[in-house]
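Asker: okay, here's the prediction I keep looking at, along with the sequence it came from:
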Amino acid sequence: MKLSEKRNSNFTPHPETDGPIKAVLVDVTELKKRMTQYGEKDEFRLVFETEVEDTENDRRFCIWSRGYTPSLNEKAALRKDLKKMMGRELTQLELDEFDLDGLIGHGVKLIIQHEHKDDRTYANISFMAPDKEKALKPSGKYIRVRDREVDGGSSQTEDKAEETGWESVVVHIGKYKGNKLGSVDEAGAAKLIEGWLPKAKAGGKAEDAALVAALTELADILGGDDY
């Protein structure tokens, strides 16, 4: 399984790594509704701060996991990745009730690879394991999504993974004009993909570029395998 951090084109993705690097879990985001091939689901992400320095912004790089549904079913991606992070299977007590926030500060080792698609670069977590050596400590510069200042449009950090990707692109045509693509239901998204997208690709208008890219990405998601 590959975890995916999806960012907008203005965001510098986490650099690729030649091997495992130290990282620490610094956030478990709030549940957010997202469109999947099985309809709308509640998902959240894990955020890891790594040892790689982002010198341009005077902080460490962070990387976001793929979206998880809040399930500890044996086939769920979350349970599989918790096993990787902890280096063991969950106990029955943990399966009965697991406090994800209790894992904040947990040290791991990650391998990060890049995927290039539609002129965009995606940083993916391709390996995850517990850090059994001296674990990395949070730098204190990352602020949890739920704790950020949002009044007046300001934010205490630029790490807006929950605000980027295809979900944040605003539809500028038709019935859903003015709405973010992430808020459009599956039927509406399908109509845009099947009816508008082919014509927009052929037209090549600059004003359509963002929505074309977002719908192309969404089409891949709707047509892919479940995680």
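Answerer: Noted; the coordinates are in hand. Numbers count the residues shown, from 1 in each chain.

Asker: quickly find the element holding residue 34.
Answerer: Using DSSP states H and E, residue 34 sits within strand 32-36.

Asker: helices or strands up against that strand?
Answerer: Helices and strands touching strand 32-36, as assessed by 3 or more C-beta pairs under 8 Å, 6 or more residues apart in numbering; DSSP states H and E, comprise strand 39-43, helix 209-222. Just so you know, the C-beta spots here come from the backbone N, C-alpha and C atoms, and that holds for glycine as well.

Asker: mean pLDDT lowest for which of those?
Answerer: Lowest mean pLDDT of these: helix 209-222, a mean of 76.

Asker: what angle sits between it and strand 32-36?
Answerer: Per axes from the mean of the first three to the mean of the last three C-alpha atoms, to 10 degrees, the angle that helix 209-222 makes with strand 32-36 is 70 degrees.

Asker: please name every helix or strand in contact with helix 209-222.
Answerer: Checking 3+ C-beta pairs under 8 Å, 6+ apart, helix 209-222 ends up next to strand 32-36, helix 186-191, helix 197-203.

Asker: so for residue 135, which of those sits nearest?
Answerer: In terms of C-beta to C-beta, the element of the helices and strands packed on helix 209-222 nearest to residue 135 is strand 32-36, at 28.6 Å.

Asker: pairing partners for the closest one, with directions?
Answerer: If you go by DSSP bridges, strand 32-36 pairs up with strand 39-43 (antiparallel).

Asker: adding mean neighbour count, mean pLDDT and distance to residue 93, write the helices and strands packed on helix 209-222 out as JSON lines.
Answerer: Listed next are the helices and strands packed on helix 209-222 as JSON lines, based on neighbours: other C-beta atoms under 10 Å; pLDDT from 0 to 100; distance: least, C-beta to C-beta, whole Å:
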{"stretch": "strand 32-36", "mean neighbour count": "16", "mean pLDDT": "77", "distance to residue 93": "28"}
{"stretch": "helix 186-191", "mean neighbour count": "15", "mean pLDDT": "82", "distance to residue 93": "37"}
{"stretch": "helix 197-203", "mean neighbour count": "12", "mean pLDDT": "88", "distance to residue 93": "48"}
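
Asker: how about CSV for these, with distance to residue 68 added?
Answerer: Converted to CSV, the helices and strands packed on helix 209-222 look like this (distance: least, C-beta to C-beta, whole Å):
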stretch, distance to residue 68
strand 32-36, 11
helix 186-191, 20
helix 197-203, 28
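
Asker: closest to residue 173 out of the ones you listed?
Answerer: Minimum separation from residue 173 across those (C-beta to C-beta) falls at helix 197-203, 8.4 Å.

Asker: so where does residue 63 fall, helix or strand?
Answerer: Residue 63 belongs to strand 59-64, assigned by DSSP H and E.

Asker: what of residue 138?
Answerer: Secondary structure from DSSP H and E places residue 138 outside every helix and strand.

Asker: residues in contact with it?
Answerer: Contacts for residue 138 (C-beta atoms under 8 Å, 6 or more residues apart in numbering) come out as 24, 26, 49, 105.

Asker: which elements pack onto the helix or strand hosting the second one?
Answerer: Counting by DSSP H and E, the secondary-structure element that holds residue 26 is strand 21-28. Under the contact criterion of 3+ C-beta pairs under 8 Å, 6+ apart, strand 21-28 touches strand 46-54, strand 107-117.
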